[in-house]
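**Q** The sequence and its predicted three-dimensional model are supplied below.
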Amino acid sequence: HLATSLPLPSERDHLRPRIDLIVFMIDIKSKYSLKNVEASLAYVDASFFLGKVCFLVTGVGRVSNCSIEMNAVWKLGEVYCSPVLFCELELEGIRAATARRLLRMLQICAGHVPGVSALSFGSLMRNSADD
């Protein structure tokens, strides 16, 4: 399910499936994109930041067109203890690899991978980013 911002409309709460993973998409070429994500973060329950939130930054192939400081993006991941993924949606191979990575994250967050919890997976993501 996609939403352009949070909070989600409450009139469909009874029809909404369980939320296992929230992916915040940030277009590196749009300051509005970052502001929208920052405003939406206030509506996410704190327990989701324990392995069930990630930030997907798109448009990274054209660094010269960036409207957002990369430090601001890294800081979001740091402050909210959530992984930051980078993707260039215009390149088929990278788009497919990112989709597979997100699907695997979703499987883990939904509890479909025995022996791996969303919390431990989030910790592994942060540790690998530090290397």
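**A** It's in. Since the model is a prediction, treat every value here as computed from it, not as a measurement.
**Q** just the helices in the protein please.
**A** Counting by DSSP state H, the chain has helices at residues 31-41, 70-79, 92-109, 118-130.
**Q** Quote the end-to-end distance of stretch 85-98.
**A** Stretch 85-98 has an end-to-end distance of 8 Å (CA to CA, to the nearest Å).
**Q** Could I get the buried residue list for it?
**A** For stretch 85-98, the neighbour count (16 or more other CB atoms under 10 Å) marks Leu85, Phe86, Cys87, Glu88, Leu89, Thr98 as buried. Just so you know, the C-beta spots here come from the backbone N, C-alpha and C atoms, and that holds for glycine as well.
**Q** State the mean pLDDT of that stretch.
**A** The predicted model assigns stretch 85-98 a mean pLDDT of 91.
**Q** Please enumerate residues in contact with that stretch?
**A** Stretch 85-98 is contacted by residues Cys54, Phe55, Leu56, Val57, Thr58, Gly59, Val60, Gly61, Arg101, Leu102 when judged by CB atoms under 8 Å, 6 or more residues apart in numbering.
**Q** Make a ChimeraX selection of the buried ones in those.
**A** Only the buried entries of the contacts of stretch 85-98 go into this ChimeraX selection, using 16+ other CB under 10 Å:
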select :54,55,56,57,58,59,60,102
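**Q** I'd like the helices of the chain written out as a markdown table, with distance to Val23 added.
**A** Putting those into a markdown table (distance: least, CB to CB, whole Å) gives the following:
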| stretch | distance to Val23 |
| --- | --- |
| helix 31-41 | 10 |
| helix 70-79 | 13 |
| helix 92-109 | 6 |
| helix 118-130 | 13 |
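**Q** Where among the ones you listed is average confidence lowest?
**A** Ranked by mean pLDDT, the helices of the chain end with helix 118-130 in last place, scoring a mean of 61.
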